[in-house]
Structure formats: C-alpha cells, structure tokens
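Student: Coordinates for the following, if possible.
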Amino acid sequence: MKMEFTIKHTWDGLPVSHEPVTIVLKSDNAGLLMEVTAPFINDPPAPLGEPGKPFSRLWDYEVVEAFFLSDRTEHYLEVELCPHGQHLVLLLSGKRRVWEVSGQVHSNEELPLEFEVTRMKTKWEGKAHLPWSYFPPSTNKFNAFAIHGSGEDRKYEALYPVPQHELQEGQKPDFHRLEFFKDLNLKELMGEDWKQPESDIWKFLPN
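Tutor: Just a heads-up that it's a prediction; the model follows:
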C-alpha cells in the first residue's frame with residue numbers, strides 16, 4: 001500500500017514551471033517510509049553540514065518538506081529533506097512553536113533520521129524512515145512543500161496551497177497555515193485495525 005502526492009502548485013496556487021515533486025508514503029515496520037522524487041535545481045549551493053546529519057535552518061536551502069499534523073492539538077511533525085543529504089526534523093506545538101525536547105530524548109534540531117539520497121544531473125531521489133515516535137498522537141492532516149532558488153528566483157511550492165480567495169496583497173509564503181492542511185487517514189496505509197503507536201517523545205509534552 002502507498003499514498004502518492006504531487007506538488008503541482010506554488011504556495012499561492014500557480015502551476016509549477018518544472019517537473020513536479022512527488023512524495024510517496026509507504027508503511028514501514030516501525031513508522032512510515034517517505035520517498036521523494038524531485039528535480040535537482042542545485043540552487044542554492046549545498047549546505048556546509050555533513051550529509052546524513054541534521055542541519056539547522058535547512059529551509060534556507062533546496063528542500064522538500066512534509067508536515068504531519070494532529071488538528072485536535074495543533075501538534076505537528078516537520079520533516080525537511082535536502083538533495084545534498086542533510087535533513088531536519090522538528091516537533092512543533094502550535095503554529096511555528098518549535099518544541100524544545102532537549103531535556104528528554106534529543107535536542108529537537110538533532111533528531112536523527114535514516115535518510116539516503118540518490119542524486120543525478122537533473123533529478124534526485126530520497127528515502128527517509130520516519131519512526132512512529134516522531135508523529136504526534138492522532139495525526140490526521142498533512143501538507144508538503146518544496147523550496148529552491150536564490151534571491152528573487154526563490155520558489156515556494158505547496159501540495160495544498162493557500163486558496164486564491166484567501167490571498168491578501170503583499171502576503172508572503174507561510175507553510176504553517178495549518179487551516180489549509182488536508183486529511184490524512186493513515187489507516188488507508190496501515191489497515192483498518194491499525195492504531196497509531198504511542199510516542200515516547202510526545203508524551204513528555206502537556207496537551
């Protein structure tokens with residue numbers, strides 16, 4: 001079983017001007033396998049961090065991002081993957097509020113991720129294993145994004161963009177508009193009898 005998503009629009013609803021980014025979610029024995037296929041723009045240049053390791057402020061580079069939300073609590077998981085091999089996992093409690101878990105399991109910006117990249121001249125593919133412990137309880141909403149380019153050519157793309165009628169003059173891209181995320185029923189992937197495993201990380205966070 002798998003779920004496939006294609007990022008066909010910019011954050012404000014315009015068609016993308018290249019082969020769109022595809023994200024596939026598959027059941028993995030201890031979580032989800034997230035597979036990315038994306039054009040390799042190679043702009044901006046690679047982050048200076050070591051491939052395979054977390055990198056702070058990865059969103060300033062070329063990335064594909066997936067957000068997994070529980071709309072009941074506004075707790076969400078943000079996964080950022082870079083074609084150069086770096087990654088960033090953030091746990092958020094409320095819009096843009098990165099939850100500091102440093103006293104518990106790991107510092108939030110150092111959460112490990114099993115992530116492998118295959119990079120070709122004009123395309124890259126990534127596979128990331130997302131453990132269930134990273135997902136907030138009752139995950140039921142999803143959105144995905146892609147960012148690349150530098151300066152005025154910086155492009156922000158969204159699976160579920162801000163609807164045209166919601167746009168306001170001068171509005172900037174904002175990937176944390178949780179109200180525009182759409183339903184994600186993980187039972188379609190895992191089976192009707194499946195229950196989301198309890199997280200040993202999120203249980204430290206008061207509701």
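
Student: got the contact list for the lowest-mean-pLDDT helix or strand in the chain?
Tutor: Ranking every helix and strand in the chain by mean pLDDT, DSSP states H and E puts strand 87-93 at the bottom, with a mean of 90. The contact list for strand 87-93, computed with Cβ atoms under 8 Å, 6 or more residues apart in numbering, reads 52-56, 58-59, 73-81, 98-99, 101, 108-109, 111, 113, 115, 128, 134, 136, 176, 201-202, 205. Where C-beta positions appear, they are placed from N, C-alpha and C, glycine not excepted.

Student: Can you tell me which of those residues end up in helices?
Tutor: Judged by DSSP state H, helices contain none of these.

Student: Centroid-nearest residue for the chain?
Tutor: residue 66 (1.7 Å; Cα atoms, centre = their mean).

Student: Check that one and give its pLDDT.
Tutor: pLDDT, residue 66: 98.

Student: Quick check: bridge partners of it?
Tutor: Beta-bridge partners for residue 66, by DSSP bridges, are residue 79, residue 144.

Student: Look up how far residue 162 lies from it.
Tutor: 18 Å (Cβ to Cβ, to the nearest Å).

Student: cool, residue 198 as well?
Tutor: To residue 162, residue 198 is 34 Å away according to Cβ to Cβ.

Student: These two: which has the busier surroundings?
Tutor: Shown here are residue 198 and residue 162; by other Cβ atoms under 10 Å, residue 162 has more neighbours (20 against 10).

Student: Now do the contacts for residue 114.
Tutor: Going by Cβ under 8 Å, 6+ apart, residue 114 touches 128, 129.

Student: what do you get if the cut-off is 6 Å, keeping everything else the same?
Tutor: The neighbourhood of residue 114, defined by Cβ atoms under 6 Å, 6 or more residues apart in numbering, consists of residue 129.

Student: which SSE is the residue lying farthest from the centre of the chain in?
Tutor: Each residue of the chain has a distance to the centre, and by Cα atoms, centre = their mean the biggest one is for residue 169: 26.8 Å. Using DSSP states H and E, residue 169 sits in no helix or strand.

Student: which residues in this protein form strands?
Tutor: 2-7, 9-10, 21-28, 31-39, 63-70, 75-81, 87-93, 114-119, 123-131, 141-148, 155-158, 182-183 (DSSP state E).

Student: And the fifth one, what does it pack against?
Tutor: Spelled out, that is strand 63-70. strand 75-81, strand 141-148 (3 or more Cβ pairs under 6 Å, 6 or more residues apart in numbering; DSSP states H and E).

Student: One more pass at 8 Å, please.
Tutor: strand 21-28, strand 31-39, strand 75-81, strand 141-148 (3 or more Cβ pairs under 8 Å, 6 or more residues apart in numbering; DSSP states H and E).
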